[in-house]
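Provided below are the primary sequence and the corresponding predicted coordinates.
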Amino acid sequence: MNKTIRNIIIVAFFTVGGGWLGIWLNNLTGNTQPPMQSLGVLVWLTTPALSGIFLRAFGGDGWKDSGFGLNLISSWKWYLAAILVYPLAALLTFGLAALFGFVSAEGFATQGFSAYISAAGVMLVGSLMKNIFEEFAWRGYLTPRLDAAKVHPLLNHLIVGILWWSWHLPYYYYFLDRAVLKAAISTSIPVFLLIGLLVMPPTALLFGELRLLSKSVWPVFILHNVINALSMPLLINGFIEVKGPLAFIFTPTNEGVITSIFFGVAGWMLYQYRMKKTANN
């Protein structure tokens, strides 16, 4: 088997199985801590990234396409895009939702915008550690290694999106507090997971193309943190309320269908730009 493909399969195995291994370890050790403070969640969080780092060091992948460098001068516009793309997508989604009467922002009026900024800051701090492991797994390893294996870019992002979704399943099933999850979603958990399978690939397209254009993990790491920090307090802290049976379509978070479509359009534009740039070189 081709070494690159073999190593991708190994990382995919740890991606899909790491969380379930963590749950098994918690059960085996009789864990009494909250799941998000347990050994199992550490195993879930770290196994994809650590397996990729191990294979770069000892499995023959090397570090050339790891994306560890900042590339600030050559990629400044991709850092700017990373900061702006989610706020723009969220505002457009919110505008559509407000137009059709699906969303209320009364929470901002009652709590104040400063309360939202405080909540976003707390969420940002909590996201930093989680997302560094996520992004050094997906965009630090899988996206560039699939590219090295000459997988078509769109298939590359689809594979990463599905693996990314599968990695989240133990998180939603076991590790994340049910009260937090129910506050953040407008559907049943099974429907939410199915919607996640739809919205992850367009998001992976945006993230992956930003990674390949910038040749760095860091713009995507910033984008991921911006999304988490700005979107999660909206519903969890009650700053907005999305109403009706189509709430999952119009919610201005990264789990919303319309927001993911905007992400997919942005990712497609980046893909087209990259293909034209490659053709001209």
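Sure thing, it's come through.

give me the helices and strands touching the helix or strand bottoming out on mean pLDDT in the chain, please.
Every helix and strand in the chain was compared by mean pLDDT, DSSP states H and E; the lowest is helix 178-184, with a mean of 84. Secondary-structure packing of helix 178-184 (3 or more CB pairs under 8 Å, 6 or more residues apart in numbering; DSSP states H and E): helix 218-236. Yep, even glycine has a C-beta here, placed from its N, CA and C like the rest.

tell me which stretches of the stretch 1-150 of the chain form helices.
3-29, 39-58, 76-99, 106-111, 113-137, 143-148 (DSSP state H, counting those that start in this stretch).

list the buried residues in the third one.
Put plainly, it is helix 76-99. 78, 79, 81, 82, 85, 86, 89, 90, 93, 94, 97 (16 or more other CB atoms under 10 Å).

run through who's touching it.
By CB atoms under 8 Å, 6 or more residues apart in numbering, the list of residues contacting helix 76-99 from outside reads 72, 103, 105, 206, 210, 213-214, 216, 218-220, 222-223, 226-227, 230-231, 240, 242, 250-254, 256, 258-259, 262-263, 266.

so residue 256 is in contact with residue 250, correct?
Yes: if you go by CB atoms under 8 Å, residue 256 and residue 250 touch, sitting 6.4 Å apart.

hang on, the earlier thing: next one: the least confident helix or strand of the chain to chain centre, how far?
18 Å (CA atoms, centre = their mean, to the nearest Å).

same question, stretch 121-140
9 Å.

ditto for stretch 45-62
With CA atoms, centre = their mean, you get 20 Å for stretch 45-62.

CA atoms of it as CSV?
What follows is stretch 45-62, C-alpha atoms only, in CSV (Å, rounded to 0.1, in the frame of the first residue of the first chain):
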residue,chain,number,x,y,z
LEU,A,45,-9.4,15.3,21.8
THR,A,46,-5.8,14.4,21.3
THR,A,47,-5.7,11.1,19.4
PRO,A,48,-6.2,12.4,15.8
ALA,A,49,-3.6,15.2,16.1
LEU,A,50,-1.1,13.1,18.0
SER,A,51,-1.4,10.2,15.5
GLY,A,52,-0.7,12.6,12.7
ILE,A,53,2.3,14.1,14.5
PHE,A,54,3.6,10.6,15.2
LEU,A,55,3.3,9.6,11.5
ARG,A,56,5.1,12.8,10.4
ALA,A,57,7.9,12.1,12.8
PHE,A,58,8.2,8.3,12.4
GLY,A,59,5.9,7.2,9.6
GLY,A,60,7.7,8.9,6.7
ASP,A,61,5.3,11.8,6.1
GLY,A,62,7.8,14.5,7.2
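
list the buried residues of it.
Burial within stretch 45-62, assessed by neighbour count using 16+ other CB under 10 Å, is assigned to 45-53, 55-56, 59, 61.

so what touches that stretch?
For stretch 45-62, contacts defined as CB under 8 Å, 6+ apart pick out 3-4, 7, 10-11, 14-15, 17-18, 21, 63, 66, 130, 133-134, 136-138, 140-142, 145, 167.
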